[in-house]
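[1] Attaching a predicted model along with its sequence, questions to come.
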Amino acid sequence: MNMFLLLSIMLIFSDALCGVIHVFPPRHISKINRNVQDFVVVNEERRPTILTLWEEFLQTEASLLSENVHNMPVILGMRLSINTFYGISLGTLPNNNILFDPPIAQATQLESWLKTNKDYVQVVVAQKLYEKKNQSKDLPPDSQIQKINQISNLPVKQARSF
């Protein structure tokens, strides 16, 4: 097997803490006969991107996010797939989990940042800063990146439901 083929079939997974700031209508992909719904999210580095929820997540998670997008809910997506074909985007697979309003300090900080920066959030959506041509390619400094295995040592807050 050549190296290009090997790299093209590898999937990259990541956990992502993000605030949901915009919802697109559900759509049908006829080529594979599946339904999806896209959301614009902002991660801990304040970078906007697209999160695609596939069929398995439309009934519950996508519905909850759609109903509450005006509150800019914070979610923790576990083992989300990372797609770099049309810019950086995230997507779900059947074995993923999405935790709403995770009880960790970073979620509280992100929620507070979103509420304080509503004007910026509106600019992200209006100027489509989540699209590939508008995505920043600068990586945040290592000091700003929190590894997921370090989260267990952080203070816990009470989870709330919608």
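    Thanks, I have it.

[2] leaving aside the residues next to it on the chain, what's closest to residue 123?
    Nearest in space to residue 123, with sequence neighbours left out and distances taken as C-beta to C-beta, 6 or more residues apart in numbering, is residue 129 at 7.2 Å. Every C-beta, even on glycine, is put in place using the N, C-alpha and C of the backbone.

[3] do you know how far the one you found is from residue 40?
    When C-beta to C-beta, to the nearest Å is the yardstick, residue 129 and residue 40 sit 9 Å from each other.

[4] ok, now residue 32?
    Relative to residue 40, residue 32 is positioned 23 Å away (criterion: C-beta to C-beta).

[5] Quick check on those two: which one has the bigger neighbour count.
    For residue 32 and residue 40, the more surrounded residue by other C-beta atoms under 10 Å is residue 40, and the numbers stand at 23 against 7.

[6] Can you give me the distance of that one to residue 29?
    With distances defined as C-beta to C-beta, the gap from residue 40 to residue 29 amounts to 19 Å.

[7] returning to that earlier point: pull up the overlap in contacts between residue 129 and residue 40.
    With C-beta atoms under 8 Å, 6 or more residues apart in numbering applied, the overlap between the contact sets of residue 129 and residue 40 consists of residue 48.

[8] Name the residues that touch stretch 21-39?
    Here stretch 21-39 makes contact (C-beta under 8 Å, 6+ apart) with 20, 40-42, 48, 50-55, 58, 62, 65-66, 69, 72, 114, 121, 124-125.

[9] likewise stretch 54-66?
    Outside of stretch 54-66, the residues that reach it under the criterion C-beta under 8 Å, 6+ apart are 20, 23, 26, 34-37, 39, 53, 73, 75, 91-94, 96, 98, 100, 162.

[10] Show me the helices in the chain, by range?
    Taking DSSP state H as the criterion, the chain contains helices spanning 3-9, 63-68, 105-116, 118-126.

[11] out of those, which comes closest to residue 84?
    helix 3-9 (11.4 Å; C-beta to C-beta).

[12] pLDDT of the closest one, averaged?
    Per-residue confidence for helix 3-9 averages out to 41 on the pLDDT scale.

[13] same thing with stretch 75-83?
    Per-residue pLDDT over stretch 75-83 has a mean of 90.

[14] got a list of what the residue lying closest to residue 107 once chain neighbours are set aside touches?
    Distances taken as C-beta to C-beta, 6+ apart place residue 74 nearest to residue 107, at 4.7 Å, with adjacent residues excluded. Listed by C-beta under 8 Å, 6+ apart, the contact set of residue 74 reads 17, 18, 19, 20, 100, 101, 102, 107, 110, 111, 114.
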